[in-house]
Each structure stands twice: as structure tokens, then as C-alpha cells.
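>>> Build me a structure from this.
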Amino acid sequence: MKKKQHGEAQAKSAYLQSAPAPLVALHEGRQSFPGRNILGRLLTDRRMQRPWTVLSRNVSSVSEWERLWKEITLVLRRAREERESRTKEEAQFLKIARQANRLAKSIEDGSLDLLAYELFPVEVMNILGVDNWSSIDRLERAAIAGRLLDEWPSVQELLAELAARAEHLASDAITENRVVERKTRNRETLHFVRALGGYVKARYRTPLYGTVAIIASVVLERDVTKAFVEKELKRGH
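The predicted structure is shown next:
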């Protein structure tokens, strides 16, 4: 019994002083969950001493700490997933374009060739300040829509625009310079850094390049520098 208690005390003392209490509680409270070993590294690796301190200036609640941890695990999972091949992705977008064009042609000059506002849900019109949208007739809806916007696209025009964008994405799938094809850096590292860095900047209104670099280094168990993170995040925007 004494040996077991001593082992538990040693495990608890291994946590960094700056490690967030909600994540320590999560790690201690459950002996098995996806990514537990990664969370353990983040809570005990000395390189994380300053990052946890820096993050605590932006994160305070239990839910926010848990959200950050969930984001790290999500980013890591996606970084490890294989991306669709160029040809398969191109084919998927072209299929969408064909379907949108066929649908647009099938409703041309028919009863479903409506202006876009006619398909707006009641909840959307309520947000726009129209409380009785479902109970007024077509002429009244047209008058209200005209006050909201001078010109409304038709459903057919929207479908044509959707088809055009899908065709553009199909072209990009073949021609864009992808992370997966760059040989100078590990693909997994690039995806992880860009995704986590983007989340941190959007969530906390500051890029925290050094913090992202150390988290990536600990999670991926490879050296990721602040300069690399800064370059990749600026490249992606």
C-alpha cells in the first residue's frame, strides 16, 4: 500500500507547476482515453512550463482548457489522415458541378425557378426583422424582399454559381501547391502547425508562434522551431 501511495505521489509531483488544473484532473481522473499519453507529455515536459503560463493569460475556465485539449487531439488526428488524391478530389468537384448544372436546367422557367428569398426559412427572415413571413402572400413577400435587397438572384442563378465554384475547385485540386507534396518538411508537422496555429490565432487573437512550436514539438516528438511555425502560418494567410 505504501509503495502504491509513493508511486502516486511521484506521478502527481511530475506535473509542471504551470500545468492547468483542469487538464491535470482529466489526466489523473481517467486511466484510459485517446491521447492520454500525449496529454501526459504536455503536462510533464519541461519545455511546456512557459507555454502553459502564456496560455493561462488567454484561457481560464475549465471548459476553455478542455476545448483547447480537444482541438489539439482533433488537429493531430486530421494531420495523420491521408488526403484524397488530386484526381479523386477533382472528380468529386466535377460531379457536383454537373449535378448543379443539371438541376439548374431542370427548373428553368418552371414553378421552382424562384428568387432566392422564396426559399429562405422562416427563422432566417425572423433574424432579418420579418416576423410574419410564413403568413403573408407572395406579393407582400416580394415587397419586403425588395426593401431588404434591391436585386435577388434566382435559384437557377445560384445553382449556376455553385457549379462554377465547383469547377474552380476541381481545377485547384490539380494545380495548387499542396502541403502533401512539399518535400522539405514533414507533411504531418505542416498540417498540425497550420491547423493548431490557426485555431490559436483565431481563438486568442494572437498567434503565439513559440507556444504552438513547443506544443507541436512535444505532441509530435520532433523538433519544431518558432521560426518554422511563423513562416508556415504567414504562408497560409
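
>>> what separates Ser61 from Arg80, distance-wise?
Separation of Ser61 from Arg80 (Cβ to Cβ, to the nearest Å) stands at 29 Å. Yep, even glycine has a C-beta here, placed from its N, CA and C like the rest.

>>> just Leu220 next, same as before
10 Å.

>>> so where do the strands sit in the chain?
Counting by DSSP state E, the chain has no strands at all.

>>> so where's it shaky on pLDDT?
In the predicted model of the chain, residues 1-13, 82-85, 176-185, 236-237 satisfy pLDDT under 70.

>>> quick check: domain ranges of the chain?
Listed by automatic domain parsing, the domain ranges of the chain are 2-82+180-235, 86-177.

>>> highest average neighbour count across those?
domain 2-82+180-235 (a mean of 15; mean count of other Cβ atoms under 10 Å).

>>> Pull the contacting residues for Pro22.
Val62, Trp65, Glu66 (Cβ atoms under 8 Å, 6 or more residues apart in numbering).

>>> Let's see that with 10 Å instead.
Listed by Cβ atoms under 10 Å, 6 or more residues apart in numbering, the contact set of Pro22 reads Val59, Ser60, Ser61, Val62, Ser63, Glu64, Trp65, Glu66, Leu68, Trp69.

>>> need these in JSON lines with distance to Glu232, can you?
Shown next, in JSON lines, are the contacts of Pro22 (distance: Cβ to Cβ, whole Å):
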{"residue": "Val59", "distance to Glu232": "23"}
{"residue": "Ser60", "distance to Glu232": "28"}
{"residue": "Ser61", "distance to Glu232": "30"}
{"residue": "Val62", "distance to Glu232": "31"}
{"residue": "Ser63", "distance to Glu232": "29"}
{"residue": "Glu64", "distance to Glu232": "25"}
{"residue": "Trp65", "distance to Glu232": "25"}
{"residue": "Glu66", "distance to Glu232": "27"}
{"residue": "Leu68", "distance to Glu232": "20"}
{"residue": "Trp69", "distance to Glu232": "22"}
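
>>> Can you name the two of those that sit furthest apart?
Spatial extent of the contacts of Pro22 (Cβ to Cβ) is set by the pair Ser60 and Trp69 at 14.6 Å.

>>> isn't Ile214 right up against Leu16?
No: Ile214 sits out of contact with Leu16 when judged by Cβ atoms under 10 Å, with a separation of 12.0 Å.

>>> shared neighbours, the two?
Leu42, Asp45, Arg47, Met48, Gln49, Arg50, Pro51, Trp52.

>>> is it true that the last one touches Thr44?
No: in this structure, Trp52 sits apart from Thr44 without contact. The criterion is Cβ under 10 Å, and the distance is 11.1 Å.

>>> got any residues that touch both of the two?
What both Trp52 and Thr44 touch, as defined by Cβ under 10 Å, 6+ apart, is the set Leu16, Ala19.

>>> if we take the shared contacts of Ile214 and Leu16, which one ends up nearest to Ile107?
Taking Cβ to Cβ as the measure, Ile107 lies nearest Leu42 of those, at 53.5 Å.

>>> dump the residue contacts of that closest one.
Residues counted as contacts of Leu42 (Cβ under 10 Å, 6+ apart) are 16, 19-20, 23, 27, 35, 48, 51-52, 69, 72, 214-215, 218-219.

>>> All set, thanks.
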